[in-house]
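Student: fold the following for me, if possible:
(one chain, ligands or ions: 1)
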Amino acid sequence: KQWTADDFLVGREIGRGNFGYVYLAREKASGYIVALKVMYKSEILKDHNERQIRREVEIQSSLKHENILRLYGYFHDETRFILILEYAPGGELYQQLQKQKRFMESVASKYARQLTHALIYLHSKRVIHRDIKPENLMIGLNDDLKIGDFGWSVKTDTFDTRRSTFCGTLDYLPPEMIQGLNHDTKADVWALGVLLFEMLTGKPPFEDSRDEEEVCQRIKEADIKYPPNLSRQARDLLEQLLQKRAVDRISLQEVLKHPFITRWLHVEATKEKAAKEVKAK
Ligand SMILES: O=C(Cc1cc(-c2ccc3c(-c4nc5ccccc5[nH]4)n[nH]c3c2)n[nH]1)Nc1cccc(F)c1
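Tutor: The predicted structure follows:
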């Protein structure tokens with residue numbers, strides 16, 4: 001199907017991503033609500049980003065998973081390149097975390113489980129995300145976590161020399177990437193640990209460092225101080241995720257069997273059953 005701007009009623013601005021703006025929109029024929037990401041070709045061509053955009057479109061179009069934000073399609077006109085993305089009613093996980101300071105263990109456990117399922121799926125498609133952080137995660141219907149951005153993901157078969165520098169926080173980089181060593185899917189396992197730490201405590205593990213130099217030093221040593229109010233299961237899973245050596249980190253399959261994840265599963269099941277009963281009435 002060839003999409004054009006006329007297929008959509010465009011609403012308010014809902015986000016400001018790299019290269020452009022994101023708008024709420026309704027696809028006229030189906031009434032479907034989507035997020036339209038509008039990027040200006042002048043912006044994209046300026047920094048020779050078309051290759052990265054093409055790679056990201058290629059990666060995200062091929063992914064179909066309930067915890068990964070869908071890219072339904074794209075189109076362009078003379079000045080703009082527009083993406084038709086899944087609309088996430090809950091917005092960015094980052095905003096929810098800021099508002100609530102930190103999540104209850106049951107909520108953090110659910111998001112960690114959903115992210116683990118998404119990462120297992122990504123790795124099965126030979127994609128390493130490499131940039132898991134609250135800003136790139138969205139909250140969908142039924143309060144489900146969705147990975148929203150693939151700016152730094154790579155297909156593992158293509159060797160990726162890190163020409164472009166990282167912008168933003170170092171907090172989520174694993175020791176091996178800090179040292180410029182080669183990295184694998186275990187980099188995403190480390191980032192899952194950092195995210196879980198931040199969801200449970202409200203802060204990333206190295207935030208209280210004096211400067212970036214100290215952040216890098218503490219990441220290399222996996223020097224993490226765990227606050228006292230974490231449950232034994234939460235602390236145990238964090239320690240297994242945030243292992244300095246990638247080979248020592250727990251696998252994503254084992255994460256799904258960890259008590260911190262399984263202990264809340266019955267809560268989810270009960271809630272879903274109750275929700276179904278309400279709908280049935
Ligand atoms: O840029 C993205 C990812 C992306 C997704 C989004 C995005 C931003 C916001 C939303 C939202 C959303 N829902 C909200 C609810 C309340 C408040 C704000 C909200 N934003 N839903 N879906 C979104 C999607 N921005 N950027 N992908 C991409 C794919 C291919 C090529 C490329 F250059 C980029």
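
Student: how close does Tyr121 sit to the ligand?
Tutor: 17 Å (Cβ to the nearest ligand atom, to the nearest Å). Every residue, glycine included, has its C-beta placed from N, CA and C.

Student: check Ile33 too.
Tutor: Ile33 is 9 Å from the ligand, by Cβ to the nearest ligand atom.

Student: please apply the same query to Phe75.
Tutor: 13 Å.

Student: could you look up the SS state of that residue?
Tutor: strand (DSSP: H, G, I helix; E, B strand; the rest coil).

Student: for the stretch 51-200 of the chain, which segments count as strands?
Tutor: In the stretch 51-200 of the chain, strands defined by DSSP state E, counting those that start in this stretch lie at 71-76, 80-86, 91-92, 127-128, 137-139, 145-147, 154-155, listed in chain order.

Student: okay, those strands in CSV with mean pLDDT and mean neighbour count next?
Tutor: Formatted as CSV, these follow (pLDDT from 0 to 100; neighbours: other Cβ atoms under 10 Å):
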stretch, mean pLDDT, mean neighbour count
strand 71-76, 95, 17
strand 80-86, 95, 21
strand 91-92, 92, 15
strand 127-128, 83, 21
strand 137-139, 95, 25
strand 145-147, 96, 24
strand 154-155, 58, 16
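
Student: quick check: longest strand of the protein.
Tutor: Looking across the chain with DSSP state E, the single longest strand is strand 8-17.

Student: which residues touch that strand?
Tutor: Strand 8-17 is contacted from outside by 21-28, 34-37, 91-92, 149, using Cβ atoms under 8 Å, 6 or more residues apart in numbering.

Student: return the member of those residues nearest to Val57.
Tutor: Lys37 (10.8 Å; Cβ to Cβ).
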